[in-house]
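> this is a predicted model, with the sequence first.
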Amino acid sequence: MQRSTMAALHTISSMAMRQLLVDLVAGFSRAGGAAVQAEAAGGVDVARRLREGERFDLVLLADDALQSLAAEGWVQSPQALADSSLAVAVPAQDPRPRIDTVEAFQAALLSAETIGYSTGPSGQALMRLLDDWGLRKALQPRLHQAPVGVPVATMLASGTARLGIQQRSELLGQPGISLLGELPAEIALTTRFSAALGRNAAPTTAALLDFLRSREAAATIVRHGMAIPEVCP
């Protein structure tokens, strides 16, 4: 692959994919791909900016959000990229509650002084789960949604939250926290993230999308605590 002399490709992702995108773009660069400017923002903000007409060559978001944007004509043909499971963490110095069964996870929630969750798809999934259990009203005073762009791990490390739920990929390796693991199999929650060309993407963006779905990229995705969707080669 020869490096392009054209202007840098402009990509944007949700915060859940920010570090993964940085590493994938670095791999694309090492392979001789075009220069890439990688940006990350809250998923809601990414969608708003696209709908306001801001131009991006490549967009990485939760698949349901990206499919909606595709239906509206803002992006082209989303391609499945990575599956990320919901996980639980506590501040590093705190006791580690059990979460290996549904009952144990419920007990951990009910005993937590404060619970941090995100504005993204992981937070929405958690709220649906609490509604299904009839626990949302009881836990509401202790539920603290992270501001847009602020990782739940930051809330845990600072003590703002004593229990945090977010994508495993966003909790993995973060300082000041202890990762307890993923939710029990019966209630496991997985978010699929996809990539799509922007409505007016530069022609060279197709090479970047191909790289993101390559074997080399797959190894990076797995290293970030995500899984490769079965639909991917």
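Nice, I can see it.
> just the buried residues of the helix or strand hosting Leu139, please?
If you go by DSSP states H and E, Leu139 is part of helix 136-139. By neighbour count with 16 or more other CB atoms under 10 Å, helix 136-139 contains no buried residues. C-beta here means a position set from N, CA and C on the backbone, and glycine is covered the same way.
> which strands or helices does that helix pack on?
Contacts defined by 3 or more CB pairs under 8 Å, 6 or more residues apart in numbering; DSSP states H and E place helix 136-139 against helix 102-111, helix 121-133.
> what do you get if the cut-off is 7 Å, keeping everything else the same?
Applying 3 or more CB pairs under 7 Å, 6 or more residues apart in numbering; DSSP states H and E, one finds that helix 136-139 contacts helix 121-133.
> helices or strands up against the helix it packs on?
Packing contacts for helix 121-133, counted by 3+ CB pairs under 7 Å, 6+ apart, involve helix 136-139, strand 163-167.
> pull out the buried positions in the helix or strand Met155 falls within.
For Met155, the element it lies in under DSSP H and E is helix 152-158. Residues of helix 152-158 classed as buried by neighbour count (16+ other CB under 10 Å): 152-157.
> equivalent analysis for stretch 174-187, please.
174, 177, 179-180, 182-183, 187.
> any residues touching the lowest-mean-pLDDT helix or strand in the chain, and which ones?
Across the helices and strands of the chain, mean pLDDT, DSSP states H and E gives its lowest value to helix 168-171, namely a mean of 88. With contact meaning CB atoms under 7 Å, 6 or more residues apart in numbering, helix 168-171 is reached by 16, 20, 84-85, 87, 89, 151, 153, 177, 179, 182, 224-226.
> make it 8 Å
Under the criterion CB atoms under 8 Å, 6 or more residues apart in numbering, residues 15-17, 20, 82, 84-87, 89, 118, 151-153, 164, 177, 179, 182, 224-226 lie in contact with helix 168-171.
> next one: stretch 131-150
15, 41-42, 44-45, 106, 109-110, 112-119, 123, 127, 130, 152, 154-155, 160-161.
> just the buried members of these?
Neighbour-count burial within the contacts of stretch 131-150 applies to 15, 41-42, 45, 106, 109, 112, 114-119, 123, 130, 152, 154-155, 160-161; the criterion is 16+ other CB under 10 Å.
> can you list the domain ranges for this structure.
For the chain, the domain assignment from automatic domain parsing gives the residue ranges 9-83+192-223, 84-187.
> redo those as JSON lines? Include distance to Glu230.
Formatted as JSON lines, those follow (distance: least, CB to CB, whole Å):
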{"stretch": "domain 9-83+192-223", "distance to Glu230": "9"}
{"stretch": "domain 84-187", "distance to Glu230": "15"}
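> so where do the helices sit in this structure?
Shown for the chain, the helices assigned by DSSP state H span residues 18-30, 43-51, 63-71, 102-111, 121-133, 136-139, 152-158, 168-171, 205-212, 215-223.
> any idea which of the ones you listed gets closest to Ser194?
helix 63-71 (4.3 Å; CB to CB).
> which strands or helices does the longest strand seen in the chain pack on?
Longest strand in the chain by number of residues (criterion: DSSP state E): strand 75-91. Judged by 3+ CB pairs under 8 Å, 6+ apart, strand 75-91 is in contact with helix 63-71, helix 121-133, helix 152-158, strand 163-167, helix 168-171, strand 177-182, strand 190-198, helix 205-212.
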